[in-house]
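Q: dropping the sequence and predicted coords here.
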Amino acid sequence: MKVFYINNSYTGCAYVRSMMPALYNGWKTDITNLTDKTPNRKDIAHDVANSDVIVFHRPDDQERLEVAVKLKKAGKKIVYDNDDTYKVDDGNTLGKFYHKKSGMLDRFIRYADLITTTTEFLAEEYRELNKNVVVLPNCVDPNDWDTPLRNEGDKVRIGIFGSVANNGDSEHIKDLLIELGNRDDVQLVLFGLQKKTKLVKKLYKKEFEYWEKINIEWHPVVPMYDYFDKLNSLKLDFALIPRKDNYFNRCKSNIKYLEAGMLEIPVIAQSFSDKKSPYDYTIKHGKTGYLANTEDEFRKYAEKLIKDKKLRRQMGKNAYEDVVKNYNILNKFKDWEYAYNQIK
């Protein structure tokens with residue numbers, strides 16, 4: 001079986017959802033590496049013509065749907081893959097843009113031979129439109145991660161990174177963040193939001209206003225090919241993963257825990273009251289990380305990790321072992337082949 005992946009412009013998603021399974025299964029993608037900005041269209045056309053299965057990641061425009069229709073008529077099997085949702089605008093900064101695209105995605109979902117996604121919660125959304133849905137959880141590639149860099153300074157470095165910076169997910173622990181930012185023994189570190197261009201400042205106005213009121217060391221996002229090294233260079237002692245309890249976040253994966261785990265960074269992650277957050281399903285509370293629902297719980301576990309360096313290091317090692325054992329693409333890549341082979 002030959003498979004070819006056609007990606008959207010989200011290189012972080014392409015890395016996780018396409019490049020890793022393609023690499024280890026011997027398949028091809030239109031993004032051969034994370035620095036490749038101009039894929040060769042002639043090569044793509046040749047590879048598509050010689051493939052049995054064509055996977056579209058987040059195909060949210062008319063052109064991709066038209067291409068899929070032609071390919072299906074030519075005998076190709078069409079797979080729709082997505083690790084996010086456009087269905088509900090929960091106040092996410094980009095939600096209004098996402099929501100506009102939901103109609104196009106729905107059309108593609110109905111047309112595809114198979115739907116693949118990251119979580120069972122999101123799979124239920126897709127099963128309303130297409131019964132052929134398979135959950136393929138996000139994985140990591142240990143070969144992409146260097147030896148963790150350690151903080152040996154006087155301040156405990158507490159990180160918040162990724163999409164947590166974008167959409168008000170930390171509002172319910174803002175008092176705690178202010179407290180931590182004002183402590184002499186702590187350095188809060190934010191790794192997120194783009195550099196301040198006019199467009200970015202307008203789009204993320206609320207986010208910048210929010211973080212500027214907190215004493216924090218800010219690092220803007222970097223291209224995906226620099227992401228692993230940049231996260232490592234921050235030398236985080238532990239990380240916070242707060243999330244609003246909303247539909248959008250219930251559909252998200254546990255990717256931040258996986259990334260932190262690869263650098264032996266313990267996390268305090270969001271638990272929901274019904275124990276159905278992405279992290280409730282993942283983290284072994286007290287061993288591979290902490291689960292917290294309220295600000296007081298985040299505060300309690302943050303204090304434990306601030307005071308106990310030995311605990312931080314051991315929990316980080318436990319998280320690393322958990323991620324490498326259970327979310328390692330080297331052990332999981334055949335799951336993609338199995339899923340595609342089930343297409344009828």
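A: Good, I have the coordinates. Residues are numbered from 1 along each chain as shown.
Q: following the lowest-mean-pLDDT helix or strand in the chain, which helix or strand comes up?
A: Least confident helix or strand of the chain, by mean pLDDT, DSSP states H and E, is helix 95-100 with a mean of 59. Downstream of helix 95-100, the first helix or strand assigned by DSSP states H and E is helix 102-111.
Q: what's that following helix packed up against?
A: helix 62-73, strand 77-82 (3 or more CB pairs under 8 Å, 6 or more residues apart in numbering; DSSP states H and E). No exception for glycine: its C-beta is placed from N, CA and C like everyone else's.
Q: what is the burial count for Ser273?
A: Residues within reach of Ser273, counting by other CB atoms under 10 Å, total 9.
Q: per-residue confidence for it?
A: Looking at Ser273, its pLDDT stands at 96.
Q: shouldn't it be in contact with Asp245?
A: Yes. In this structure Ser273 lies within contact range of Asp245 using CB atoms under 8 Å: 7.2 Å.
Q: quick one on the thing from earlier: looking at the helices and strands packed on helix 102-111, which is buried most?
A: Mean neighbours per residue, mean count of other CB atoms under 10 Å, is largest over the helices and strands packed on helix 102-111 for strand 77-82, with a mean of 24.
Q: Val53: which of the helices and strands packed on helix 102-111 is closest?
A: Distance to Val53, taken as CB to CB, is lowest for strand 77-82 among these, at 4.6 Å.
Q: pairing partners for that closest one, with directions?
A: strand 53-57 (parallel), strand 114-117 (parallel) (DSSP bridges).
Q: for these, give me JSON lines that also has distance to Gly162, mean neighbour count and mean pLDDT.
A: Shown next, in JSON lines, are the strands paired with strand 77-82 (distance: least, CB to CB, whole Å; neighbours: other CB atoms under 10 Å; pLDDT from 0 to 100):
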{"stretch": "strand 53-57", "distance to Gly162": "19", "mean neighbour count": "24", "mean pLDDT": "97"}
{"stretch": "strand 114-117", "distance to Gly162": "19", "mean neighbour count": "24", "mean pLDDT": "98"}
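Q: centre-most residue in this protein?
A: For the chain, the residue nearest the mean C-alpha position is Ile255 (4.5 Å; CA atoms, centre = their mean).
Q: contacts only, for that residue.
A: 16, 138, 162 (CB atoms under 8 Å, 6 or more residues apart in numbering).
Q: so among the residues you listed, where is pLDDT lowest?
A: Among the contacts of Ile255, Gly162 has the lowest pLDDT, at 89.
Q: who's in contact with stretch 307-326?
A: So stretch 307-326 is contacted by 140, 142, 148, 237-238, 257-258, 260-267, 284, 287-289, 304-305 (CB under 8 Å, 6+ apart).
Q: can you do 10 Å?
A: 137, 139-140, 142, 145, 148, 150-151, 156, 185, 236-238, 254, 257-267, 282-284, 286-290, 304-306, 330-332 (CB atoms under 10 Å, 6 or more residues apart in numbering).
Q: so where do the helices sit in the stretch 201-344 of the chain?
A: Remark: helices assigned in the stretch 201-344 of the chain by DSSP state H, counting those that start in this stretch are 205-211, 224-233, 247-251, 255-262, 295-307, 309-326, 329-332, 334-341.
Q: need the winner for burial among these.
A: helix 255-262 (a mean of 24).
Q: what angle sits between that helix and helix 309-326?
A: Calculated by axes from the mean of the first three to the mean of the last three CA atoms, to 10 degrees, helix 255-262 forms an angle of 110 degrees with helix 309-326.
Q: helix 255-262: how far from the chain's middle?
A: 9 Å (CA atoms, centre = their mean, to the nearest Å).
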